[in-house]
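Participant: Generate a structure from the sequence data that follows.
(one chain, ligands or ions: 2)
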Amino acid sequence: MRTLALALCLAVSSAMAERAPPLVIAHRGASGYLPEHTLAAKALAHGMGADYLEQDVVLTRDGVPIVLHDIYLDATTDVASRFPGRARDDGRYYAIDFDLVEIRQLEAGERRQPDGSLAFPERFPAGRSGLGVPTLAEEIALISGLNRSRGRHSGLYIELKAPRFHRRQGQDIARRVLDVLRDTGYAERRDDVFLQCFDDATLRYLRHDLRTPLPLIQLIADNRWGENSAVDYDHLQSDAGLAAIAEYADGIGPWLMQIYRGRDAKGRPQLSDLVARAHALGLAVHPYTFRRDQLPPGITSFDELLDLFIGQVGVDGLFTDFPDLARGYIDTHVDARTEARPTP
Ligand code: G3P
Ligand code: CA
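Facilitator: Numbering: from 1, shown residues only. Ligands and ions are numbered 1, 2, ... in the order given. Purely as a prediction, here's the structure:
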């Protein structure tokens, strides 16, 4: 038994040593500590050593890419009190119904559920934050400025949100994002930018029509979420689906529960073969979302979660609200192991 355990340990060590350390992708910035997608959350994530900072992007009425997770403003800003009467019939305040000059008047805060309760009650205090909703261009200026002033590099990891919705509103979000990247000098910088999307047609459009050279990541949702009724996410995880992705994208961004499926009756983690099948096709795997305050069933600590995904599964990166914890884990367990590896 001990021999088997040692062999398993060596195999894990070997797998970790052979792969590059996984990328730390700060999910909506250091959103475990500050309101998501504010410039403060991005600056903190940069200081915490994230390899990439994530930007979810939607468009304003005047076509400006802003950094916001939802197509709505009401879950993370004070839009309802500042612009009463501007909701649509469904009660939501759509970012695309507001010009940038109006967006600039909003204050951003911790995410709230539809019933008004905080999504993560233990996080940054609710109330006045003095923080706003940045444009994509403003956020890029912040990041490139910090790259220079700190002498330490973080890249961009941009998600195009709801491209089909934007198209129905008469807007082409893919073009608008590439325009900003061109204007900021990032359009060709393969090492500095990932583009991600839940919509496969938009990724194909980016690759084949708009001809971006930037690496593309196909996000994979769960069909039950209703993320995008035009896409079958079960099919995308099949061999045929992954092979199709490999034709236009460089990697996948699956939900972490598509890799770890809980524990069996004996307490053993149940792992899918999604990562192995993606790797066999040359696809990188960057799962989401790793949260200290929202652990999956059967996982009792954040380090245990990282042990599983980094030590055992071998993912190439991960989206986390807590980039400091992931950075600390990798620097301790992965980089040290790589440095200690004997020269062949
Ligand atoms: O983009 C990866 C992950 O962020 C996808 O989930 O809903 O947080 O954008 P979401
Ligand atoms: Ca995202």
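Participant: Determine how far the last residue of stretch 24-39 lies from the first.
Facilitator: One end of stretch 24-39 to the other measures 18 Å (CA to CA, to the nearest Å).
Participant: ok, and does that stretch reach over to ligand 2?
Facilitator: No. Judged by CB under 5 Å from the ion, stretch 24-39 and ligand 2 are separated, with a smallest distance of 6.9 Å. All C-beta spots, glycine's among them, are computed from the backbone N, C-alpha and C.
Participant: Show the average pLDDT along that stretch.
Facilitator: Per-residue pLDDT values over stretch 24-39 give a mean of 98.
Participant: 551 is where my numbering starts, stick with that
Facilitator: Sure, I'll start numbering at 551, so the last one becomes stretch 574-589.
Participant: what ranges do the helices span in the stretch 651-800 of the chain?
Facilitator: For the stretch 651-800 of the chain, the helices defined by DSSP state H, counting those that start in this stretch occupy 686-700, 713-718, 723-733, 750-754, 783-786, 789-795.
Participant: contacts for stretch 692-711?
Facilitator: Applying CB atoms under 8 Å, 6 or more residues apart in numbering, the contact partners of stretch 692-711 are 575-576, 589, 592-593, 595-597, 599-608, 618-621, 684, 686, 690, 723-724, 727, 734, 736, 741-747, 749, 752, 769.
Participant: Go through the helices of the stretch 651-800 of the chain and name the closest to Gly666.
Facilitator: helix 713-718 (24.6 Å; CB to CB).
Participant: Any buried residues in the closest one, and which?
Facilitator: Residues Pro713, Arg714, Phe715, His716 are the ones in helix 713-718 that count as buried (16 or more other CB atoms under 10 Å).
Participant: closest to ligand 2 among those residues?
Facilitator: Pro713 (13.4 Å; CB to the ion).
Participant: Let me see the contact set for that closest one.
Facilitator: Applying CB under 8 Å, 6+ apart, the residues contacting Pro713 are Ile723, Ala724, Cys747, Asp749, Ala751, Thr752.
Participant: list the contacts for the nearest residue to it once chain neighbours are set aside?
Facilitator: Counting by CB to CB, 6 or more residues apart in numbering, Pro713 lies nearest to Thr752, which is 4.2 Å off, once chain neighbours are set aside. Shown in contact with Thr752 (CB under 8 Å, 6+ apart): Leu710, Pro713, Arg714, Ile723, Ala724.
Participant: Please report how far Thr752 lies from Asp647.
Facilitator: From Thr752 over to Asp647 the distance is 22 Å, taken as CB to CB, to the nearest Å.
Participant: Out of the contacts of stretch 692-711, name the ones that lie in strands.
Facilitator: 575-576, 602-608, 743-747, 769 (DSSP state E).
Participant: Show me what from the chain comes close to ligand 1.
Facilitator: By CB under 6 Å from any ligand atom, the residues of the chain that approach ligand 1 are His577, Asp606, His619, Glu709, Gln746, Leu769, Gly803, Tyr838, Thr839, Phe869.
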